[in-house]
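Peer 1: Curious how this folds, go ahead:
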Amino acid sequence: RPSPEEALQWRDSLEKLLQNPYGLASFLSFLRSEFSEENAEFWVACEDYKKTKSPVKMAEKAKKIYEEFIQTEAPKEVNIDHFTKAVTMKNLVEPSSTSFDMAQKRIFALMEKDSLPRFVRSEFYQELIK
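Peer 2: Next up, the predicted model:
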């Protein structure tokens, strides 16, 4: 469990929050309680994808991420604009470690602007900083 001081840093840094295993778990729990965990799950999937070295594995993961989060009517479709979706789809013709970068940046910005302030006001977070 993080110290209250450590947890307090998360208010100002989504990056620190997502890099901390406890912070990420708390954030995901909070988002699940609001039925809005797809953005964080997409972000985590992209981070995992970028660490993939094997081209075969990369293609498999890219397809899975696309089907789960990007394609229209995907089970956990993330909210990205048409331009970002088009660029991402174009990038997936030949998957590389940067294929999802634009979409991931958009989703990060969305979480920073929208989800993080709600999380900071939540009971989940208030318990951590006591």
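
Peer 1: For R118, pull up the helix or strand it's in.
Peer 2: helix 116-121 (DSSP states H and E).

Peer 1: again, but for R11
Peer 2: Assigned by DSSP H and E, R11 belongs to no helix or strand.

Peer 1: if you skip the residues just before and after it, what's nearest to it?
Peer 2: Leaving aside its sequence neighbours, R11 sits nearest to V120 (Cβ to Cβ, 6 or more residues apart in numbering; 5.0 Å). For glycine as for every other residue, the C-beta is placed from the backbone atoms N, C-alpha and C.

Peer 1: one step back: so which bits of the helix holding R118 are buried?
Peer 2: Neighbour-count burial for helix 116-121 flags L116, F119, V120 (criterion: 16 or more other Cβ atoms under 10 Å).

Peer 1: and what of stretch 31-41?
Peer 2: L31, E37, E38, N39, A40, E41.

Peer 1: Reformat the residues you listed as a markdown table; add distance to P95.
Peer 2: Below are these laid out as a markdown table (distance: Cβ to Cβ, whole Å):
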| residue | distance to P95 |
| --- | --- |
| L31 | 27 |
| E37 | 25 |
| E38 | 21 |
| N39 | 21 |
| A40 | 22 |
| E41 | 19 |
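
Peer 1: mind checking the SS state of the residue most central in space within the chain?
Peer 2: Nearest residue to the geometric centre of the chain (Cα atoms, centre = their mean): W43, 2.2 Å. What DSSP: H, G, I helix; E, B strand; the rest coil gives for W43 is helix.
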